[in-house]
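Peer 1: my questions are about this predicted structure, shown below with the sequence.
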Amino acid sequence: MGQLFYDDSRTPIRIDDVVLAHLKIVIVAKLRRRESFTLTWQHAAEDAPGRSTILLSPAIPLRFVFDEPVGPVLDPEWIKALTDTVNATGGVQLSDGTVVSNG
């Protein structure tokens, strides 16, 4: 299970390594263009029920941490689909470790 650390939070957002590896490509591309967007996820089963949303912005530090020392093979079609989702007005929504369109 990978982790995304947002801003100065010590509590990571836990995301499957493969999903996080694909998201990282899309997130970095957006932030390099100085474009902000939202990321929404459902809380883990062991946490309080609900969901959270953050605004990913080039001004806010991020750190990606992966369990696996070697990255997975990336799927270009999935990266394209994620890019389309990120460019939608609703941003990216994670549901049970899967990225779904939110806008």
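Peer 2: Perfect, thanks for sending it.

Peer 1: counting neighbours, what do you get for the nearest residue to Y6 once chain neighbours are set aside?
Peer 2: Leaving aside its chain neighbours, Y6 sits nearest to I54 (5.5 Å; criterion: C-beta to C-beta, 6 or more residues apart in numbering). All C-beta spots, glycine's among them, are computed from the backbone N, C-alpha and C. With neighbours defined by other C-beta atoms under 10 Å, the count for I54 comes to 18.

Peer 1: centroid-nearest residue for this structure?
Peer 2: L23 (5.0 Å; C-alpha atoms, centre = their mean).

Peer 1: so which strand or helix has it?
Peer 2: Using DSSP states H and E, L23 falls within helix 17-32.

Peer 1: tell me the secondary structure at F5.
Peer 2: strand (DSSP: H, G, I helix; E, B strand; the rest coil).

Peer 1: pretty sure it contacts I54?
Peer 2: No. With contact defined as C-beta atoms under 8 Å, F5 does not reach I54; the gap is 11.2 Å.

Peer 1: what do those two both touch?
Peer 2: I13 (C-beta atoms under 8 Å, 6 or more residues apart in numbering).

Peer 1: contacting residues around A44?
Peer 2: By C-beta under 8 Å, 6+ apart, the neighbours of A44 are R14.

Peer 1: can you do 10 Å?
Peer 2: Shown in contact with A44 (C-beta atoms under 10 Å, 6 or more residues apart in numbering): 1, 13-14.

Peer 1: with that, I have no additional questions.
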